[in-house]
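A.B. asks: Need coordinates for the below:
(one chain, ligands or ions: 1)
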Amino acid sequence: MPRLAYLGPEGTFTEEALRLLDPTAERLPCANVSAALNAARAGDADGAVVPLENSIEGAITTTLDEFAWGEPLLITAELLLPVQFSLLARPGTEIPHIKRVYTHPAAITQCRAFVARELPEAVVVSAPSTAAAAQEVSLPGSPYDAAIAARIAGEHYGLVQLAADIGDRSDTVTRFVKVSRPGPLPAPTGSDRTTLVVFLADDHPGALLEMLTEFSVRGVNLTRIESRPTGDGIGRYFFHFDFEGHIADARVGEAIAGLHRICGEVRFLGSYPRADGIAPQIKRGTSDAEFAEAGDWLARIRAGQV
Ligand SMILES: O=C(O)C(=O)Cc1ccccc1
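C.D. replies: Alright, predicted model coming up:
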């Protein structure tokens, strides 16, 4: 039975994602994303489950930066989870008396309209996770009047639900990934995604276009692109790419090798089954068979068999 670290404490959306990804895993709740990933790196856990992005606010930057700068980890699975937020408080609390709300930054950005409309006077403070917020609010001397978290977190920490489904949109989805220490890759399924971090060799006109060209000419469809500051000054960025396909696919492997040739550093973060099961559209001339045939053709010419 694998042991998986995750963004805890009990009752986070990440825990729900972990349970769906691996119902039999032993769960190791951690105080934040970095601690969960470090538990996997150090061998205290076999892997970790962390949030990566949501459909409203985009990336969870802590996760992206950990993947780029921390000891290497490999993404082996992903999950798309619809999330619903509840306003939770100690029994007896009434909405007009709520002055301080505690929750995870990803929940703050997804519940802005509700807070502006129903809690216009309230200050909203960032918590390490939604369940950490619920746990804190449950303490009698807590400086916070309410938490925004999953309904189940309220039940777990003895809070009452003052409002349900308070997200600005009812169809928000968060993408979670399961990671492990580097090792064998998940086998290709025909519906896979690959994730890379790419650092430029040097800053020059067209550098981004050159990277995108490596994908474009091989018919590789991008599903996410993110620029993150390198920390070396304004205007210095590195890039995250998610795209369709598995590194075992010829077009994907060739695109990654192309990036390796022209970029400063390419960090491979994994090829893993897509949660939505969507198969890539393979453009004419970019299937494995067509790459193999072209390679054979070139070899024949080089061998003088024109
Ligand atoms: O804090 C949590 O419960 C998390 O798992 C992070 C998060 C926060 C808000 C939406 C989705 C995931």
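A.B. asks: Now do E57, the pLDDT please.
C.D. replies: pLDDT recorded at E57 is 85.
A.B. asks: Burial check on it, number of neighbours?
C.D. replies: Applying other CB atoms under 10 Å, we find 16 other residues in the vicinity of E57. From N, CA and C alone the C-beta is placed, and that goes for glycine too.
A.B. asks: Now for it: which residues touch it?
C.D. replies: By CB atoms under 8 Å, 6 or more residues apart in numbering, E57 lies in contact with A106, T109, Q110.
A.B. asks: Not counting its neighbours along the chain, what's nearest the second one?
C.D. replies: Which is T109. Excluding the flanking residues, the one nearest T109 by CB to CB, 6 or more residues apart in numbering is E57, at 4.2 Å.
A.B. asks: Tell me the spacing between the one you found and G92.
C.D. replies: The gap separating E57 from G92 is 33 Å, by CB to CB, to the nearest Å.
A.B. asks: likewise T174?
C.D. replies: Taken as CB to CB, the span from T174 to G92 is 32 Å.
A.B. asks: what residues does this structure put near the ligand?
C.D. replies: Listed as neighbours of the ligand in the chain under the rule CB under 6 Å from any ligand atom: 7, 12-14, 51, 54, 83, 104, 106-107, 129-131, 174.
A.B. asks: Now do the helices in the chain.
C.D. replies: 13-21, 33-42, 61-69, 105-110, 112-118, 130-138, 151-156, 207-216, 250-262, 288-302 (DSSP state H).
A.B. asks: For the residue most central in space within the chain, list the residues it contacts.
C.D. replies: What sits nearest the mean C-alpha location of the chain, by CA atoms, centre = their mean, is L52, with 1.5 Å. If you count contacts by CB under 8 Å, 6+ apart, L52 has them with A59, I60, T63, L64, E78, R175, F176, V177.
A.B. asks: how about a cut-off of 6 Å?
C.D. replies: L52 sits next to I60, T63, R175, V177 when contact means CB atoms under 6 Å, 6 or more residues apart in numbering.
A.B. asks: again, but for G158
C.D. replies: Here G158 is in contact with S138 (criterion: CB under 6 Å, 6+ apart).
A.B. asks: Try it again at 8 Å.
C.D. replies: Per CB under 8 Å, 6+ apart, neighbours of G158: R90, P91, S138.
A.B. asks: cool, P188 as well?
C.D. replies: Per CB under 8 Å, 6+ apart, neighbours of P188: H246, A248, D249, S271.
A.B. asks: Report the buried residues of stretch 288-298.
C.D. replies: E290, F291 (16 or more other CB atoms under 10 Å).
A.B. asks: Output the contacts of G158 as a markdown table; include the columns neighbour count and pLDDT.
C.D. replies: Listed next are the contacts of G158 as a markdown table, based on neighbours: other CB atoms under 10 Å; pLDDT from 0 to 100:
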| residue | neighbour count | pLDDT |
| --- | --- | --- |
| R90 | 18 | 97 |
| P91 | 7 | 97 |
| S138 | 19 | 98 |
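A.B. asks: Out of the contacts of L52, the closest to the ligand would be?
C.D. replies: I60 (7.4 Å; CB to the nearest ligand atom).
A.B. asks: just checking, S126 touches A107?
C.D. replies: No: the criterion here is CB atoms under 8 Å, and S126 misses it with A107 at 9.5 Å.
A.B. asks: The helix or strand of the chain with the lowest mean pLDDT pairs with which strands, parallel or anti?
C.D. replies: In the chain, no helix or strand scores lower on mean pLDDT, DSSP states H and E than strand 58-59, which sits at a mean of 91. Paired neighbours of strand 58-59 in the sheet (DSSP bridges): strand 47-54 (antiparallel).
A.B. asks: any idea of the angle the strand it pairs with forms with helix 33-42?
C.D. replies: Interaxial angle, strand 47-54 versus helix 33-42 (axes from the mean of the first three to the mean of the last three CA atoms, to 10 degrees): 140 degrees.
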